[in-house]
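**Q** Predicted structure and sequence below. I'll ask about it afterward.
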Amino acid sequence: MTPEALNTFFSICIGFALAGALANGYQAMSQRPAGFGLLQEGVAPKTFAAVPFLVFAAPFIIMRNTLRGMRLESRRFEFVMMATVIACFWSMMSGTFFLMTLRATGVIG
């Protein structure tokens, strides 16, 4: 495995871990699961604060909704695969951003 592939895999894992931690932390605090419906609460500071949260929590929410829909609605394999690829790419981007932020602040070398 090349170093670039290992770095990409590590970014995906960090992105999913961050997304899961944020979504589960939100659920523990508010007693309801996080979802994209947070953006539909009108023009309010709470809605604007939900945007950065959803940027990083989206891979977990996408996969949770996809797997739930696969069980309950019998969604087609193509739809599930497309949603998985989107969630993995999103996770890679947010994980890369998070790792770059940690490197810039000197937390990791």
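**A** Received the coordinates, thanks.

**Q** what's the least confident helix or strand in this structure, going by average pLDDT?
**A** helix 45-73 (a mean of 92; mean pLDDT, DSSP states H and E).

**Q** And that one, what does it pack against?
**A** Judged by 3 or more C-beta pairs under 8 Å, 6 or more residues apart in numbering; DSSP states H and E, helix 45-73 is in contact with helix 3-30, helix 77-105. Heads up, the C-betas are built off the backbone N, CA and C, glycines and all.

**Q** Columns mean pLDDT on top of the ones you listed, output as CSV?
**A** Listed next are the helices and strands packed on helix 45-73 as CSV, based on pLDDT from 0 to 100:
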stretch, mean pLDDT
helix 3-30, 96
helix 77-105, 95
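
**Q** Chain neighbours aside, what residue packs nearest to the most centrally placed residue in the chain?
**A** Nearest to the mean C-alpha position of the chain, counting by C-alpha atoms, centre = their mean, stands Pro59 at 2.7 Å. Once flanking residues are discounted, Pro59 sits nearest to Ser91: 3.9 Å by C-beta to C-beta, 6 or more residues apart in numbering.

**Q** Which of the helices or strands spans Ala34?
**A** Here Ala34 sits in a region with no helix or strand, counting by DSSP states H and E.

**Q** and it, how many neighbours?
**A** For Ala34, the tally of surrounding residues (other C-beta atoms under 10 Å) stands at 23.

**Q** got a list of what it touches?
**A** 22-23, 26-27, 53-54, 57, 60-61 (C-beta atoms under 8 Å, 6 or more residues apart in numbering).

**Q** Could you check how far Ala57 is from Pro3?
**A** Per C-beta to C-beta, to the nearest Å, Ala57 is found 29 Å from Pro3.

**Q** Looking at these two, which is more packed in?
**A** Ala57 (25 against 7).
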